[in-house]
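Asks: Quick one, structure for this:
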Amino acid sequence: MAAISKVLEDDDLLSEILLRTVFTTTLLNSALVCTRWLAHASNRAFLHRFREIHPPRLLGFYINKGQNTPHFIPILPQPRELTAVIRHATSSLGTYQRVPSVPTYILGCRNGNVLIRQHDKIGTTFAVHNMVCPERGMDILPPFPRPQSPYLFDGTAYSRIMSKEEGDALSYLYVLMHQTTDGKHRVYIYILKHGI
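Replies: From the prediction side, this is the model:
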């Protein structure tokens, strides 16, 4: 018992042990042991090293089979430690269906965040769904601005939503391009962070 205490009281050694937990789910469980372990596991430098050693793994993919809600197909075999995460990914997206007849389209997925689009008679809604913590709900993105200019040339608009990693967070870029009547192009870039 004295030897175990000596090991676990050494902060450098504890960090190295936590660094080798391999799965983020195991790291999360380790962080719940006590406030000292939480401080180590939530340290920004530690998380950066953890991510370098254990990059995100592909859990599966979504497919649309002509139904309103895409189906998650896990890539097997996966370690038992990820069973709960895969179960969330498989079952939680359908719980956010606004109207049963409105189809959901997946535009992108990164780090457990799924960017979706739903289109009905009222309009198009873009939202971000966190597969790891579905109980947080879905973040609805604000309506995207459209530039008002008398010099826009109709029919030549291009828009796209792209995701961008910033440290431990994820933000989205909305890029809108229009051709003007004088043959030039104008590009508008909006950065969406925390629903803004």
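Asks: contacts and neighbour counts: CA atoms only from here.
Replies: Fine.
Asks: Could I get the full set of strands for this structure?
Replies: Assigned by DSSP state E, the chain shows strands spanning 60-63, 71-74, 104-110, 113-119, 124-130, 138-140, 158-166, 169-179, 185-192.
Asks: closest to Leu18 out of the ones you listed?
Replies: Proximity to Leu18 (C-alpha to C-alpha) singles out strand 169-179 among the strands of the chain, at 21.5 Å.
Asks: That closest one pairs with which strands?
Replies: Strand 169-179 sits in its sheet next to strand 158-166 (antiparallel), strand 185-192 (antiparallel), going by DSSP bridges.
Asks: Of those strands, which is nearest Pro77?
Replies: Across these, Pro77 has its closest neighbour in strand 158-166 (27.9 Å, C-alpha to C-alpha).
Asks: Name the residues of the closest one that are buried.
Replies: Neighbour-count burial for strand 158-166 flags Ile161, Ser163 (criterion: 16 or more other C-alpha atoms under 10 Å).
Asks: and if you look at stretch 135-142?
Replies: Under the neighbour-count criterion of 16+ other C-alpha under 10 Å, stretch 135-142 has Met138, Ile140, Leu141 buried.
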